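Undergrad: Here's my sequence, what's the structure:
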Amino acid sequence: MRDFVSRRVQSVPPSGIRRYFDISATMHDVISLGIGEPDFVTPQPIVQAGIRSLQHGDTHYTSNSGLAELRQAVADYLERLYGISYNPDTEVLITVGVSEALYLALLALINPRDQVIVPEPCFVSYTPGVVFTGGEPIVIGTSAENDFQVTATEIERAITPATKALLIGYPNNPTGAVLTHERLLEIVSVAERHNLFVISDEIYDRLVYGIEHTHFATLPNMRPRTVVLGGFSKSHAMTGWRLGYAVGPAEIIAAMRKIHQYLIMSAPTTAQIAMAETLNVVDDEVERMRCEYDRRRRLLVNGFNELGLTCFEPRGAFYAFPSVRASGLDEETFCQKLLEEEQVAVIPGSAFGASGAGFVRACYATSYEKLEKALERMYRFMQRYG
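TA: Numbering: from 1, shown residues only. As a prediction, the model looks like this:
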């Protein structure tokens, strides 16, 4: 049967994250720092708006672009947060999470053998997404020495005549890195000089600590050559609602919409209605969750450094990315032994790209008390291996 499976699909290995979820699901008393999902429930105003929509019988398709009220709400939201204006009729597309938005953007932009630069470590879907759409991913590694921030020099060094786009995700999953404004401006210069289109995944834009997020399209001359991907799964604790969006130039959004209408039809109606009613009125709830993530972040990062698991300070998302060198183990063995011996689940950094070797991803979107317990268990573990 393998002969029937396409070579593109065969060329991509299974996700390196899934294996640890599957193992931990069979074990007792596991503290999972693996899954990148908020432990909070969706804010009640959103839940109640969704319930009302169901009770009113709003269970039909919306337009392919998404509910007009939600597209307007997204445009208002981005103008309020970042001072950038998008036409809700032609420059906003509502999608099934950011994952669909990413795939649509790649399909809309990439021809066979076009090259897309992908800094790693990165979300596990980036490189496979480029492959599935017929492009060639050009992977460049980042390092702890630069706080896992990609540099303009590294990007420019990777550019060839076949390079068409740059795919970046900051705040970053898995490292928690955030690009400084200075580095962003340097990248802008490279993108302009080499006529690159930019796909900027900003799903974690509301989860930054001690700094402000920069919406990539607000940078000089970037709006006409950038699609920004966003959503509500992380910041609004709505992973199961499956709701995201893409904003960008009308021509690119139109191409994405064409693919979307054939693949998906429309994003979930209940989620769209609930978000349209509440997006611009739940900031207090979003800020409450962000503050709690910040408290957990400080606990976990300080704890790792005290254990000798050197960890740079993540300034966004809800992940820490410590080095496991002090344990004497590689990242795969570290994760396996930690799960088997102490029932703590973390993810090997190499699951997110080769430059993640020697590191692990730990998610702090779980309770403060569980994080304390996980650190106690890891203290025992490092007494044996550290």
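Undergrad: Which neighbouring elements make contact with the helix or strand harbouring residue 80?
TA: In this structure, residue 80 sits in helix 68-82 according to DSSP states H and E. If you count contacts as 3 or more Cβ pairs under 8 Å, 6 or more residues apart in numbering; DSSP states H and E, helix 68-82 packs onto strand 92-95, strand 244-247, helix 269-278. Yep, even glycine has a C-beta here, placed from its N, CA and C like the rest.
Undergrad: what's the closest of these to residue 318?
TA: Proximity to residue 318 (Cβ to Cβ) singles out strand 244-247 among the helices and strands packed on helix 68-82, at 17.6 Å.
Undergrad: Pull out the buried residues from the helix or strand following that closest one.
TA: On the C-terminal side of strand 244-247, the closest following helix or strand by DSSP H and E is helix 250-263. Under the neighbour-count criterion of 16 or more other Cβ atoms under 10 Å, helix 250-263 has 252, 253, 255, 256, 257, 259, 260 buried.
Undergrad: same deal with stretch 188-204?
TA: For stretch 188-204, by 16+ other Cβ under 10 Å, it's 188, 190-191, 194, 196-204.
Undergrad: Excluding sequence neighbours, find me the nearest residue to residue 256.
TA: Among residues not flanking residue 256 along the chain, residue 104 sits closest, at 4.1 Å (Cβ to Cβ, 6 or more residues apart in numbering).
Undergrad: what helix or strand does that neighbour sit in?
TA: Per DSSP H and E: helix 97-109 holds residue 104.
Undergrad: Direction included, what does the very next helix or strand once past that helix pair up with?
TA: Using DSSP H and E, the helix or strand that follows helix 97-109 in sequence is strand 115-120. Strand pairing for strand 115-120, using DSSP bridges, gives strand 136-141 (parallel), strand 163-169 (parallel).
Undergrad: Need the residues that contact strand 115-120.
TA: By Cβ atoms under 8 Å, 6 or more residues apart in numbering, the residues outside strand 115-120 that reach it are 106, 110, 126-127, 130, 135-142, 150, 154-155, 158-160, 162-168, 196, 352-356.
Undergrad: List only buried entries from the residues you listed.
TA: Buried members of those, counted by 16+ other Cβ under 10 Å: 106, 110, 126-127, 130, 135-140, 142, 150, 154-155, 158-159, 163-168, 196, 352-353, 355-356.
Undergrad: Break down the stretch 151-300 of the chain into its strands, ranges please.
TA: All strands of the stretch 151-300 of the chain, identified by DSSP state E, counting those that start in this stretch, fall at 163-169, 197-201, 226-231, 244-247.
Undergrad: Burial check on the nearest residue to residue 70 once chain neighbours are set aside, number of neighbours?
TA: Leaving out its chain neighbours, the residue that sits closest to residue 70 by Cβ to Cβ, 6+ apart is residue 276, at 3.9 Å. By other Cβ atoms under 10 Å, 22 other residues sit near residue 276.
Undergrad: who's in contact with residue 276?
TA: 67, 69, 70, 72, 73.
Undergrad: Using PyMOL, define a selection of the buried residues within these.
TA: Selection of buried members from the contacts of residue 276 for PyMOL, criterion 16+ other Cβ under 10 Å:
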select buried, resi 67+69+70+73
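Undergrad: Let me know the closest of the contacts of residue 276 to residue 239.
TA: Taking Cβ to Cβ as the measure, residue 239 lies nearest residue 70 of the contacts of residue 276, at 18.0 Å.
Undergrad: ok, residue 332 to residue 364 distance?
TA: Distance from residue 332 to residue 364, counting by Cβ to Cβ, to the nearest Å: 22 Å.
Undergrad: Contacts for stretch 65-85 next, please.
TA: Residues from elsewhere that reach stretch 65-85, judged by Cβ under 8 Å, 6+ apart: 86-89, 91-95, 205, 215, 217-218, 223, 230, 245, 247, 257, 266-267, 269, 272-273, 275-277, 279-280.
Undergrad: switch the cut-off to 7 Å
TA: The contact list for stretch 65-85, computed with Cβ atoms under 7 Å, 6 or more residues apart in numbering, reads 86, 88, 92-94, 215, 217-218, 245, 247, 257, 266-267, 272-273, 275-276, 279-280.
Undergrad: Okay, buried residues for it please.
TA: Within stretch 65-85, the residues scored as buried using 16+ other Cβ under 10 Å are 65, 66, 67, 69, 70, 71, 73, 74, 75, 77, 78, 82.
Undergrad: again, but for stretch 84-95
TA: Buried residues in stretch 84-95, defined by neighbour count with 16+ other Cβ under 10 Å: 86, 88, 91, 92, 93, 94, 95.
Undergrad: Over to that stretch now: how far is its first residue from its last?
TA: Start-to-end span of stretch 84-95 (Cα to Cα, to the nearest Å) is 20 Å.
Undergrad: same deal with stretch 88-107?
TA: One end of stretch 88-107 sits 22 Å from the other (Cα to Cα).
Undergrad: Run the chain-centre distance for that stretch.
TA: Centre-to-centre, stretch 88-107 and its host chain are 14 Å apart (Cα atoms, centre = their mean, to the nearest Å).
Undergrad: quick revisit: now the helix holding residue 80 and helix 269-278, what's the angle there?
TA: 50 degrees (axes from the mean of the first three to the mean of the last three Cα atoms, to 10 degrees).
Undergrad: was I right about residue 202 contacting residue 231?
TA: No - between residue 202 and residue 231 there is no contact under Cβ atoms under 7 Å: 9.0 Å.
Undergrad: picking up where we left off before, could I get the helices and strands packed on helix 68-82 in a markdown table, plus columns for distance to residue 289 and mean pLDDT?
TA: A markdown table is the format used below for the helices and strands packed on helix 68-82 (distance: least, Cβ to Cβ, whole Å; pLDDT from 0 to 100):
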| stretch | distance to residue 289 | mean pLDDT |
| --- | --- | --- |
| strand 92-95 | 23 | 98 |
| strand 244-247 | 18 | 98 |
| helix 269-278 | 15 | 97 |
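Undergrad: Against residue 73, how distant is residue 45?
TA: As for residue 45, its distance to residue 73 is 13 Å (criterion: Cβ to Cβ).
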